[in-house]
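Q: with the input below, show me the fold.
(one chain, ligands or ions: 2)
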Amino acid sequence: MSMIAAFYGGKSILITGATGFLGKVLMEKLFRTSPDLKVIYVLVRPKQGQTLQQRVFQILDSKLFEKVKEVCPNVHEKIRAISADLNQNDFAISKEDMQELLSHTNIVFHCAATVRFDDHLRHAVQLNVTATQQLLLMASQMPKLEAFIHISTAFSNCNLKHIDEVVYPCPVEPKKIIDSMEWLDDAIIDEITPKLIGDRPNTYTYTKALGEVVVQQEGGNLNIAIIRPSIVGATWQEPFPGWVDNLNGPSGLIIAAGKGFLRSIRATPMAVADLIPADTVVNLTLAVGWYTAVHRPKSTLVYHCTSGNLNPCNWGKMGLQVLATFEKIPFERAFRRPNADFTTNNITTHYWNAVSHRAPAIIYDFYLRLTGRKPRMTKLMNRLLRTLSMVEYFINRSWEWSTYNTEMLMSALSPEDQRVFNFDVRQLNWLEYIENYVLGVKKYLLKEDMAGIPEAKQHLKRLRNIHYLFNTALFLIAWRLLIARSQVARNVWFFIM
Ligand SMILES: CCCCCCCCCCCCCCCCCCCCCCCCCC(=O)SCCNC(=O)CCNC(=O)[C@H](O)C(C)(C)COP(=O)(O)OP(=O)(O)OC[C@H]1O[C@@H](n2cnc3c(N)ncnc32)[C@H](O)[C@@H]1OP(=O)(O)O
Ligand SMILES: NC(=O)C1=CN([C@@H]2O[C@H](COP(=O)(O)OP(=O)(O)OC[C@H]3O[C@@H](n4cnc5c(N)ncnc54)[C@H](OP(=O)(O)O)[C@@H]3O)[C@@H](O)[C@H]2O)C=CC1
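A: Residues are numbered from 1 along each chain as shown. Ligands and ions are numbered 1, 2, ... in the order given. Just a heads-up that it's a prediction; the model follows:
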């Protein structure tokens, strides 16, 4: 019998960010392994014309939850959507809901965040710092609370090369930052943002670091733990391999490469690609929740959920495997044949961006205009180039994360828990994982049918023939011009003939 699964039985659990990528996988695992849990409260905001209930039921009715419905048929009754906006005071939660949350919650998993790299500092602070502070305040008023688990990121201290499982202080206290955001106007915030974030690449990593300091400073007597996942990718094993539902991290770039838009990317092939599957993060999170509640460590423990030090894979190997998978499982209606490569310096990056990204987009838009259609490729390409510039920082460096706490936890688990809540990335076979990841992107993100693979292969063959035809025509024109101008070329021609 799994001790962790038994621990969550009968519990009332509060999850923020449950509608996000990680939040969904977390809920799924909780319901599947502890179907006798009492209730999961999820803080949700209405979005895109959907009510809270509709949003939550849409998640429960998705493929991800198919297994859950078998083991927990009354899952709809065990989830309670609470209307909340983490940008508002008291999260805009009604009095009755707040009372219910405060008096019943046993465990809090705080996953909500803005993960956009380029978010305005005011918004990133509001969500990643102030909201965390408010949630801690709420947690301190929960008499039945056993553990508060905060999800941060392994990149919160990416300005360091070696990162330990400790909370690092920030030069400016989070409280001062929170206060200043209230009275500074946007223009001044824009001006001071580069100074505040210092040698971090963006507001996301900076505000996640501030969030950790807030957790440590304002956690009071709560049992708290911080989890730092690296780049969260599709699921490895559970509930099935390759599940992914948003474009963050590598997923969007896999689409761009598979559809033939992405031709070159500035990356260091030997740099460690510190990906971690979503189900591994969730297994560690649930194990940490149990350990924190039952063993009550004296201080706030930080757990790194990374792969680089235990089972490293580099971007070169990953890129090659992604491309190899496209051969077997191509995406439908590709713009060009998938053929991306890495560049390693500024000059070649600019060159290939102009030749392989911008020029084809301009030509294609010209063609769309000629045929009376709306041009769209340049806009899409600009967005892709923007994304590439944002992720460059992370794919040209390697970090070392110590994993003492994570390894300590692994050894504290019973063999059964090690199996049910497996977070040992040493067992991960990267080639198999990446293949499933690409397959998952095709099935769950692009919603493409496997039956369309023969047609997709045909389409790629047609693109290849067009490519050969285009190159041959280009060569003949160049050769013809050369013959017209150079005696040597004419002699060679006559020689060949
Ligand atoms: C040896 C040779 C081999 C060669 C091989 C070569 C092989 C090549 C193979 C290639 C694969 C292998 C390499 C992989 C590298 C992976 C790097 C990952 C690093 C991640 C590090 C993460 C570290 C930190 C981890 C963390 O801790 S945090 C989690 C990570 N956080 C993020 O990943 C957020 C990032 N993103 C943003 O920060 C914003 O996205 C922003 C970028 C500002 C844009 O922003 P903007 O331009 O405004 O666009 P959006 O608003 O995003 O989108 C607006 C609208 O376009 C839609 N759309 C967005 N994209 C796409 C897309 N692609 N396709 C289609 N649609 C899209 C969207 O659906 C929305 O549609 P709508 O809703 O309007 O209808
Ligand atoms: N994905 C990754 O690669 C990594 C993620 N992490 C961390 O993991 C956690 C989860 O990330 P992930 O699931 O990928 O992110 P997502 O962007 O998929 O999910 C973010 C969640 O936060 C919610 N949220 C955002 N703003 C608000 C708000 N104002 N009020 C209420 N809820 C809000 C979103 O709700 P809504 O659906 O309404 O938008 C969504 O449920 C984050 O803390 C992130 O920093 C750490 C390392 C890597």
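Q: could you tell me which residues of the stretch 201-350 of the chain lie near ligand 1?
A: Contacts of the stretch 201-350 of the chain with ligand 1, taken as C-beta under 6 Å from any ligand atom, map to 231, 247-250, 252-257, 265, 269, 316, 318-320, 322-323, 340-342. C-beta here means a position set from N, CA and C on the backbone, and glycine is covered the same way.
Q: distance from stretch 193-213 to the middle of the chain?
A: Computed by C-alpha atoms, centre = their mean, to the nearest Å, the chain-centroid distance of stretch 193-213 equals 18 Å.
Q: buried stuff in that stretch?
A: 193, 196-197, 200-213 (16 or more other C-beta atoms under 10 Å).
Q: ok, now stretch 114-130?
A: Those would be 114-115, 117, 119, 121-122, 124-130, for stretch 114-130 by 16+ other C-beta under 10 Å.
Q: just curious, which of those is nearest to Val441?
A: Val115 (18.0 Å; C-beta to C-beta).
Q: quick one, strands of the stretch 1-150 of the chain?
A: Taking DSSP state E, counting those that start in this stretch as the test, the strands found in the stretch 1-150 of the chain are 12-16, 39-44, 79-83, 107-110, 147-151.
Q: ok, Gly319 - contacts?
A: Residues in contact with Gly319 (C-beta atoms under 8 Å, 6 or more residues apart in numbering) are 265, 267, 269, 340, 342.
Q: now the third one. Its backbone dihedrals?
A: Looking back up the chat, that one is Pro269. The phi/psi pair for Pro269 (degrees, to the nearest 10) reads phi -60, psi -30.
Q: what's the burial count for it?
A: Pro269 has 16 neighbouring residues, counting by other C-beta atoms under 10 Å.
Q: could you pick out the residues of the protein near ligand 2 for me?
A: With C-beta under 6 Å from any ligand atom as the criterion, the chain meets ligand 2 at residues 17, 19-23, 43, 45, 47, 84-87, 111-115, 127, 151, 153, 208, 229, 231-232, 246, 248-249.
Q: pull out the buried residues from the residues you listed.
A: With burial judged by 16+ other C-beta under 10 Å, the buried subset of the residues of the chain next to ligand 2 is 17, 19-23, 43, 45, 84, 86, 111-115, 127, 151, 153, 208, 229, 231-232, 248-249.
Q: go through those residues and flag which are in helices.
A: 21-23, 208 (DSSP state H).
Q: for the strands of the stretch 1-150 of the chain, which one sits closest to ligand 1?
A: Closest approach to ligand 1 among the strands of the stretch 1-150 of the chain is made by strand 147-151 (9.5 Å; C-beta to the nearest ligand atom).
Q: may I have the residues that are in contact with the closest residue to Tyr8 other than its chain neighbours?
A: Take Tyr8 and drop its neighbours on the chain: the residue closest to it by C-beta to C-beta, 6 or more residues apart in numbering is Ser34, 3.8 Å away. The contact partners of Ser34, taken as C-beta under 8 Å, 6+ apart, are 5-9, 11.
Q: which elements pack onto the helix ranked longest in the chain?
A: In terms of residue count, the longest helix belonging to the chain (DSSP H) is helix 453-485. In terms of contacts (3 or more C-beta pairs under 8 Å, 6 or more residues apart in numbering; DSSP states H and E), helix 453-485 is packed against helix 487-496.
Q: coming back round to it: most surrounded residue in the contacts of Ser34?
A: Tyr8 (25 neighbours).
Q: one step back: what is the nearest of the contacts of Ser34 to ligand 1?
A: Tyr8 (25.7 Å).
Q: considering the contacts of Gly319, which possesses the most neighbours?
A: For those, neighbours tallied by other C-beta under 10 Å; top is Ala267, 25 neighbours.
Q: not counting its neighbours along the chain, what's nearest that one?
A: Nearest non-adjacent residue to Ala267 (C-beta to C-beta, 6+ apart): Ile395, at 4.2 Å.
Q: tell me how many other residues surround that neighbour.
A: 23.
Q: can you check Ala451 too?
A: 7.
Q: which single residue in this protein comes nearest to ligand 2?
A: Here the chain gets closest to ligand 2 at one residue, Gly20, 2.0 Å apart by C-beta to the nearest ligand atom.
Q: phi, psi for that residue please.
A: Dihedral angles of Gly20 (phi, psi; degrees, to the nearest 10) stand at phi -90, psi 180.
Q: quick one: the closest residue to it other than its chain neighbours from Phe155, how far?
A: Leaving out its chain neighbours, the residue that sits closest to Gly20 by C-beta to C-beta, 6+ apart is Cys111, at 6.2 Å. Separation of Cys111 from Phe155 (C-beta to C-beta, to the nearest Å): 16 Å.
Q: which ones are touching Thr205?
A: Residues counted as contacts of Thr205 (C-beta under 8 Å, 6+ apart) are 153, 155-156, 158, 197.
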